[in-house]
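**Student:** just to be clear, the model below is a prediction. Sequence and coordinates:
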There are 2 protein chains.
Amino acid sequence: MSTFILGLIAASITTLAYVPQVVKTWKSKSSKDLSLKMLIAFSTGVSLWLIYGILEKDTPIIVANSITLLLSFVLLFFKFKFKN
Amino acid sequence: MSTFILGLIAASITTLAYVPQVVKTWKSKSSKDLSLKMLIAFSTGVSLWLIYGILEKDTPIIVANSITLLLSFVLLFFKFKFKN
């Protein structure tokens, strides 16, 4: 398997890994154990990766980090919405 | 700022973003809201990134994903240890 394919698989899994967390938080309506600092730092880092991908015109990095950024913003929204 | 520096900053922030989650989970002794599926998927993806970095002999990817993998394994351990 080429490392390019390996990179695509790794990027897909790490990107989509946040979907079960979004689903769990939505179902449980509970975000107490999620760290707000982690969500803010992670969203910041992913935003920088997105800028990096745009500047480098690197489509996989742009696509992966756009999806991850969307998921992390949803989790941030849930963190405030389900304040318990 | 060169995109290389931007990439290093992005990698550092997304890697270290998990530290506040580890600290919060350790202090609260509560991991109920953390998704086990997310932690397993994320650890799998990061492991693949680590293999990718080793095959590509890409030091920043190796360093960032080694730290992230360690942090995600700690969270996985906490998920089982603080079963509530």
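**Tutor:** Perfect, I can see it now.
**Student:** for the residue with the shortest distance to the centre of chain A, give its distance to A:Ile9.
**Tutor:** Centroid-nearest residue in chain A: A:Thr68, 2.7 Å away (criterion: C-alpha atoms, centre = their mean). Distance, A:Thr68 to A:Ile9, using C-beta to C-beta, to the nearest Å: 15 Å. The way it works is simple: take the backbone N, C-alpha and C, and place the C-beta from them, glycine included.
**Student:** and for A:Thr44?
**Tutor:** 26 Å.
**Student:** who touches the residue lying closest to A:Met38 once chain neighbours are set aside in this structure?
**Tutor:** Closest residue to A:Met38 apart from its sequence neighbours, by C-beta to C-beta, 6 or more residues apart in numbering or on different chains: B:Gln21 at 4.0 Å. Shown in contact with B:Gln21 (C-beta atoms under 8 Å, 6 or more residues apart in numbering or on different chains): A:34-35, A:37-38, B:34, B:71, B:75.
**Student:** model confidence for B:Gln21, exactly?
**Tutor:** If you check B:Gln21, the pLDDT there is 96.
**Student:** any idea which helix or strand carries it?
**Tutor:** Secondary structure from DSSP states H and E places B:Gln21 in helix B:18-28.
**Student:** after that helix, next one along is what?
**Tutor:** Counting by DSSP H and E, what follows helix B:18-28 is helix B:36-55.
**Student:** that next one to helix A:18-28, inter-axis angle?
**Tutor:** Interaxial angle of helix B:36-55 relative to helix A:18-28 (axes from the mean of the first three to the mean of the last three C-alpha atoms, to 10 degrees): 170 degrees.
**Student:** the helix or strand following helix B:36-55 close to chain A?
**Tutor:** Next along the chain after helix B:36-55, taking DSSP H and E as the criterion, comes helix B:59-81. No: judged by C-beta under 8 Å from any C-beta of the partner chain, helix B:59-81 makes no contact with chain A; its nearest approach is 8.8 Å.
**Student:** what's around the residue lying closest to A:Lys29 once chain neighbours are set aside, how many residues?
**Tutor:** Closest residue to A:Lys29 apart from its sequence neighbours, by C-beta to C-beta, 6+ apart: A:Phe82 at 5.0 Å. A:Phe82 has 16 neighbouring residues, counting by other C-beta atoms under 10 Å in any protein chain shown.
**Student:** so what touches stretch A:58-76?
**Tutor:** Residues contacting stretch A:58-76 (C-beta under 8 Å, 6+ apart): A:7-8, A:11-12, A:14-16, A:18-19, A:21-22, A:25, A:31, A:34, A:36, A:39-40, A:42-43, A:46-47, A:49-50, A:52-54.
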